[in-house]
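Participant: no sequence on this one, just coordinates:
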């Protein structure tokens, strides 16, 4: 059934491209870089596939590309760009809420049923705790930007929903997720940290670390499973920069296993989706393994280009776009699926249009309300 829905969505995107063709407006020059990336990736990847004998599922690998093309043309339309922001915010927020509901029901989509024992980590709609954490953090960023309160009641409502979104991140017990959330929290609240508030920030950081050490001494007394205690210790080790004590859940070994294939074929790579088959759990390494060093260098260039282009945006949009990119970039270290997931690749399309619409300056970004000073 899930596959039927997935292929039905692809069909709708292809049909939508045909029906929407007369409503396409000025397309994004920033996003065109991804066309170059996909062209080089598949040229080197298919050539490497032929040489290595690896047999990938080319059809499945095209799914994110089809989504990218569809939304590349859809978001060129001013009305659809604004609508997309509303829809994607709603979708990610609902996803985060379902993450909380599923863990409370002790239900895992990864195994497809209710566990007999209590689940250690929330996996959400993705069947994976790290992917669930990533989605919940994106939900936090989008909702924080989308919902501008106008009185005391709406301010309280926003705070409560943001706390719920943070709770959905916390329930994943994702080391990467909670580390990234800490960064995102400071970025999205940039307005607060000015003048005398910088001193308050220093006090809060000191209190924060005191709390961390207090938590570390009490983890064994809390009603937590061994896996949850390990994850909390991981988070504490990351925040206190004891990186040598961080347990990477075997991902380091998986990455090392994949890296050996870089040594064997550093120029051409080993074939389309090869790193996914090898479960490399690292997007950066995966691209090099799949399609060689030139594709890898181009990929890094695109990431840096997007990030530095955010500095051309107005301050309230700059930190919004920057927060989304930082989440994606850091999670690429521990996930191999960041640019292979349709619901994530479209975020790059969205930010690309933010950058270019800001340059055109024809009012395309006016619907982003500026927060109160």
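Facilitator: Perfect, thanks for sending it. Since this is a predicted model, take the numbers as computed values, not measurements.

Participant: tell me the centre residue of the chain?
Facilitator: Nearest to the mean C-alpha position of the chain, by Cα atoms, centre = their mean, lies residue 328 at 3.9 Å.

Participant: As a check, name the ranges of all strands in the stretch 151-300 of the chain.
Facilitator: Along the stretch 151-300 of the chain, no segments are classed as strands by DSSP state E, counting those that start in this stretch.

Participant: Walking through it, point out its helices one by one.
Facilitator: Using DSSP state H, counting those that start in this stretch, the helices found in the stretch 151-300 of the chain span residues 152-170, 175-188, 196-218, 226-239, 251-264, 274-277, 283-309.

Participant: so where's this protein uncertain?
Facilitator: 1-3, 6, 110-119, 192-254, 369-373 (pLDDT under 70).

Participant: what residues are up against the residue lying closest to residue 300 once chain neighbours are set aside?
Facilitator: With sequence-adjacent residues excluded and distances taken as Cβ to Cβ, 6 or more residues apart in numbering, residue 300 is closest to residue 284, at 7.8 Å. Backbone N, C-alpha and C define where each C-beta goes, glycine included. By Cβ atoms under 8 Å, 6 or more residues apart in numbering, the contact set of residue 284 is 296, 299-300, 332-333.

Participant: Tell me the one among those residues nearest to residue 98.
Facilitator: Closest approach to residue 98 among these (Cβ to Cβ): residue 332, at 24.3 Å.

Participant: Pop out the phi and psi values for the closest one.
Facilitator: When read as degrees, to the nearest 10, the backbone of residue 332 gives phi -60, psi -20.

Participant: just residue 265 next, same as before
Facilitator: The phi/psi pair for residue 265 (degrees, to the nearest 10) reads phi -140, psi 70.

Participant: That one: what's it in contact with?
Facilitator: 48, 51-52, 292.

Participant: re earlier: with neighbour count as added columns, please give the contacts of residue 284 in a markdown table.
Facilitator: Output for the contacts of residue 284, formatted as a markdown table (neighbours: other Cβ atoms under 10 Å):
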| residue | neighbour count |
| --- | --- |
| 296 | 22 |
| 299 | 22 |
| 300 | 13 |
| 332 | 20 |
| 333 | 16 |
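
Participant: need those residues in a markdown table with distance to residue 185, can you?
Facilitator: As requested, the contacts of residue 284 are exported to a markdown table (distance: Cβ to Cβ, whole Å):
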| residue | distance to residue 185 |
| --- | --- |
| 296 | 31 |
| 299 | 28 |
| 300 | 27 |
| 332 | 20 |
| 333 | 20 |
